[in-house]
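Enquirer: sequence and predicted structure are below.
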Amino acid sequence: MSRAHATISDRLASSRADQRALADERCDRSETGDRRRVRPFGPMRAMRHLLRVTGEPVPYLLLTALLVALLMSALAAANWHLAPLSYSAGALGRAADALVTGDNYAVFDLNLDTRGLRRAQIARLVVRPDVVVLGASHWQEAHADLLPGHRFYNAHVHRDYYEDLLAVVEMLLRHDRLPDTLIMSIRDMTFLPEAQRSDTLWLTALPDANAMKARLGIDRPWLETRPLERSLGLLSLSSLLDHGLRRLGAATLPGPVEALFLPTMDVLQADGSIRWSSVHREMFTPERTDAEVASAATQRQGLALQIDEAAVAAIDRLLALLRERDVRVVLVHPPFNPDFYRRVQGTAYGAGLQRVEAITARLAAAHGATVVGGFDPAIAGCTAAMFIDAEHSGPACLQRLIDLVPGL
């Protein structure tokens, strides 16, 4: 073969190779829609093959999941910022710092983590109180001036259950702040099983309650995850709107104050009690109270209060521990509004109240505790005018209840 003929053959072979490469490149361009993209190689080719196999929805779903995660994170961060006393241990600590120095603390309302506030404040108490009250918001207006001559601390929390009694005693014991006299309130739902509970406020006290269970030799979960359920409130869009609009329209923001009363903000007091804003006090009319009583009676008349025997056993052990520590325990039933109490007589709920009182009497007899008052407001002499709803009384009724405690 001549040299010229060989050269022509080589050029033809090279041209055919170039045409095949160009065809492959055009195929890739038509697939991608990008006229400038060259044929991928290595990891890029493997990735494109994976997308061909799995289909186009995969990157779309991944992108959607990422956007949802970002939006939920932003929502949680906004709620955290706008309602710090509900979620932030740091904010609760700053409020407790103010309270232990004798300042009061102004808040928009009482929707806050009272258990976290107790944890922070008890850890900072400089002087051991000689009288402490444990219970739910029935006690929120029990001020130190109801017990002159005593170092009084109001350790109430909102909607308490038996775990809260364990938890707050654990806080006091951990910091060597157990009082001489402990007024322990047993409400209608103190021993209610978890399955019948409709709120999650109590979950933030579980770490302390479980610590007390360990002291008492009661089985507890090796890993407690239920408090995380409270964090779901961070993902509430309605909460974001409520908190945001309230803050935008507020003339004053939450923080330390010297005043006992404020026009538009409730006040947390250094002794653990609260004082309503002028706006809230004006809302508590007799007509509103009557409506609240009627609604509560309708809702509860058919409610059969279940008793969690494990809860009763836990309080039994707690009372034994307090007796060993020479703490005088006074068991108290917070009285109901007379109109409400009258309406639930003869109902399943009324029968449940009697069972709770019988359990309380049995526990007191077993551990030398004192029982005062009762769900019946007539025992303490509380009248309907002393209540703002079916079960929350003001200082006048609470004073009569405290006066029943021997030696105070």
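Expert: Structure received. Numbers count the residues shown, from 1 in each chain.
Enquirer: so how far is M265 from S238?
Expert: Noted for S238: a distance of 22 Å to M265, by Cβ to Cβ, to the nearest Å. Placement of C-beta: from N, CA and C, glycine included.
Enquirer: those two: which has the busier surroundings?
Expert: Higher neighbour count among S238 and M265: M265, with 25 against 7, using other Cβ atoms under 10 Å.
Enquirer: the closest residue to that one other than its chain neighbours: what secondary structure?
Expert: Spatial nearest neighbour of M265, excluding adjacent residues (Cβ to Cβ, 6 or more residues apart in numbering): A106 at 4.3 Å. The assignment at A106 comes out as strand when based on DSSP: H, G, I helix; E, B strand; the rest coil.
Enquirer: residue contacts, A106?
Expert: 252, 254-257, 259, 262, 265-268 (Cβ atoms under 8 Å, 6 or more residues apart in numbering).
Enquirer: swap in 10 Å and give it another go.
Expert: 95, 98, 252-257, 259, 262, 264-268, 277 (Cβ atoms under 10 Å, 6 or more residues apart in numbering).
Enquirer: am I right that S86 is in contact with L234?
Expert: Yes. The criterion here is Cβ atoms under 10 Å, and S86 meets it with L234 at 8.9 Å.
Enquirer: before we move on, back to that, how about the contacts of A106, which pair is most distant?
Expert: A98 and T264 (19.2 Å; Cβ to Cβ).
Enquirer: higher neighbour count, these two?
Expert: A98 (18 against 14).
Enquirer: how close does that one get to F375?
Expert: For A98 relative to F375 (Cβ to Cβ), the value is 36 Å.
Enquirer: what sits up against stretch 350-358?
Expert: Here stretch 350-358 has contacts from 186-192, 300-301, 303-307, 312, 331, 333, 336, 341-345, 347, 371, 374-376, using Cβ under 10 Å, 6+ apart.
Enquirer: any quick ChimeraX command for the buried ones out of these?
Expert: Here is the ChimeraX command that selects the buried residues among those (16 or more other Cβ atoms under 10 Å):
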select :186,187,188,189,190,191,192,300,305,312,331,333,336,341,343,344,347,371,374,375,376
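Enquirer: low-confidence ranges in this structure?
Expert: 1-58, 60, 222-227 (pLDDT under 70).
Enquirer: what residue is smack in the middle of it?
Expert: L201 (3.3 Å; Cα atoms, centre = their mean).
Enquirer: can you tell me how far it is from H175?
Expert: 23 Å.
Enquirer: and for F375?
Expert: Counting by Cβ to Cβ - F375 and H175 are separated by 33 Å.
Enquirer: just the helices in the stretch 201-350 of the chain please.
Expert: 206-216, 237-248, 278-283, 286-300, 309-324, 338-343, 348-367 (DSSP state H, counting those that start in this stretch).
Enquirer: so the first one versus helix 309-324, what angle?
Expert: Right, the one you point to is helix 206-216. Angle between the axes of helix 206-216 and helix 309-324 is 70 degrees (criterion: axes from the mean of the first three to the mean of the last three Cα atoms, to 10 degrees).
Enquirer: which helices and strands sit right next to helix 206-216?
Expert: If you count contacts as 3 or more Cβ pairs under 10 Å, 6 or more residues apart in numbering; DSSP states H and E, helix 206-216 packs onto helix 114-124, helix 162-174, helix 309-324.
Enquirer: redo that, cut-off 8 Å
Expert: helix 162-174, helix 309-324 (3 or more Cβ pairs under 8 Å, 6 or more residues apart in numbering; DSSP states H and E).
Enquirer: nearest to A366, of the ones you listed?
Expert: Nearest to A366 among the helices and strands packed on helix 206-216 is helix 309-324; the distance by Cβ to Cβ comes to 6.8 Å.
Enquirer: residue contacts, A384?
Expert: 289, 337-339.
Enquirer: tell me the one of the residues you listed nearest S73?
Expert: T289 (42.8 Å).
Enquirer: burial measure for that closest one, as a count.
Expert: For T289, using other Cβ under 10 Å, the count is 20.
Enquirer: verify the stated contact: it with N337.
Expert: Yes. At 7.4 Å, T289 counts as touching N337 under the criterion of Cβ atoms under 8 Å.
Enquirer: which neighbours do those two share?
Expert: 384, 387, 389.
Enquirer: so how far is D290 from the first one?
Expert: Using Cβ to Cβ, one obtains 9 Å as the distance from A384 to D290.
Enquirer: tell me the residues that contact both of those two, please.
Expert: Counting by Cβ under 8 Å, 6+ apart, the residues touching both A384 and D290 are D339.
Enquirer: tell me which stretches of the chain form strands.
Expert: For the chain, the strands defined by DSSP state E occupy 104-107, 131-134, 152-154, 181-185, 255-257, 266-268, 274-275, 328-333, 370-373.
Enquirer: let me have the ones you listed in JSON lines, adding distance to Q121 as columns.
Expert: Shown next, in JSON lines, are the strands of the chain (distance: least, Cβ to Cβ, whole Å):
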{"stretch": "strand 104-107", "distance to Q121": "10"}
{"stretch": "strand 131-134", "distance to Q121": "12"}
{"stretch": "strand 152-154", "distance to Q121": "8"}
{"stretch": "strand 181-185", "distance to Q121": "17"}
{"stretch": "strand 255-257", "distance to Q121": "14"}
{"stretch": "strand 266-268", "distance to Q121": "10"}
{"stretch": "strand 274-275", "distance to Q121": "13"}
{"stretch": "strand 328-333", "distance to Q121": "22"}
{"stretch": "strand 370-373", "distance to Q121": "26"}
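Enquirer: and of these, who's closest to L125?
Expert: Closest among the strands of the chain, once you apply Cβ to Cβ, is strand 152-154, at 7.2 Å.
Enquirer: what does that closest one rub up against?
Expert: Taking Cβ under 8 Å, 6+ apart as the rule, strand 152-154 contacts 125, 129-133, 139-140, 142-144, 146, 179, 271-273.
Enquirer: next one: it to chain centre, how far?
Expert: Centroid displacement of strand 152-154 relative to its chain, using Cα atoms, centre = their mean, to the nearest Å, is 22 Å.
Enquirer: the residue nearest to the centre of the chain contacts R115, correct?
Expert: Yes. Judged on Cβ under 8 Å, L201 makes contact with R115 at a distance of 7.5 Å.
Enquirer: before I go, just wanted to say thanks for your time.
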